[in-house]
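Student: The following comprises the amino acid sequence and a computationally predicted model.
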Amino acid sequence: MKKIGVIRCQQTEDICPGTTDFIAAAQGKGAFAELGKCEVVGFVSCGGCPGKRAVARARVLIDRGAEAIALASCITKGNPLSFPCPHRDMMLQAIIAKVGEDFPILDYTH
Ligand code: SF4
C-alpha cells in the first residue's frame, strides 16, 4: 500500500475536514487509482496564501514516509467552494523543484 502525504488549502479547513480525501485514498479511487489503495501518512495545509509553506511541508511529509504527495482537490478543483487556488501552479512547480521531477505528485485527490 502506497504511503501518501496530502497538502490541502488552509482557506477551506473550517468547512472541510478532508473526509473524502481519506476515503478516496483508502479505496484507491479518484486520483489515487493510478497508485491503488493508499495510506495517508500526513495531512497538512499549504500554510496559507500564497502557499509557500507547502514546499517545506512536502519535504517533511516525505521525511515522514510519504511515497507520493497529493494536492487536495480544494487546491486544484476549488472544492467545496468552486474556488480553485490562484497560486496552485506556482505552488506545484515549487514543490516539484524541491522534491525532484521523478517524485510522484498527484495534482488532485477526488
Ligand atoms: S495558497 Fe491556495 S491553497 Fe493555500 S490557502 Fe491560499 S488559496 Fe488555499
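Tutor: Nice, I can see it.

Student: only C-alpha atoms for contact and neighbour calcs from this point on.
Tutor: Fine.

Student: Now do the strands in this structure.
Tutor: Secondary structure of the chain by DSSP state E: the strands cover 2-8, 38-45, 68-71, 105-106.

Student: List the pairing partners of the third one within its sheet, with orientation.
Tutor: As defined by DSSP bridges, the strand partners of strand 68-71 come to strand 2-8 (parallel), strand 105-106 (parallel).

Student: Across the sheet, point out what pairs with the residue nearest the centre of the chain.
Tutor: A centroid search over the chain (CA atoms, centre = their mean) returns L71, at 2.5 Å, as the residue closest to the centre. On the basis of DSSP bridges, L71 is bridged to I7.

Student: residues touching the closest residue to G36 other than its chain neighbours, list them.
Tutor: Nearest in space to G36, with sequence neighbours left out and distances taken as CA to CA, 6 or more residues apart in numbering, is G28 at 4.5 Å. Contacts were defined as CA atoms under 8 Å, 6 or more residues apart in numbering; by that measure G28 touches E34, L35, G36, K37, C38.

Student: Now rank the residues you listed by neighbours and give me the top one.
Tutor: C38 (23 neighbours; other CA atoms under 10 Å).

Student: That one touches A26, doesn't it?
Tutor: Yes: counting by CA atoms under 8 Å, A26 is a contact partner of C38 at 5.2 Å.

Student: Going by neighbour count, which residues in stretch 54-69 are buried?
Tutor: By neighbour count with 16 or more other CA atoms under 10 Å, stretch 54-69 contains the buried residues A54, V55, R57, A58, R59, L61, I62, A66, E67, A68, I69.

Student: Wait, the fourth one touches I95, no?
Tutor: Yes: at 6.9 Å, A58 and I95 qualify as touching, with contact defined as CA under 8 Å.

Student: Ends of stretch 30-41, what's the gap?
Tutor: Start to finish, the residues bounding stretch 30-41 are 18 Å apart (CA to CA, to the nearest Å).

Student: Need the residues that contact that stretch.
Tutor: Contacts for stretch 30-41 (CA under 8 Å, 6+ apart): 1-6, 22, 24-29, 61, 64-66, 106-110.

Student: Spell out which residues of the protein are next to the ligand.
Tutor: Neighbours of the ligand within the chain, by CA under 6 Å from any ligand atom: C9, Q10, Q11, C46, G48, C49, P50, G51, I75, C85, H87.
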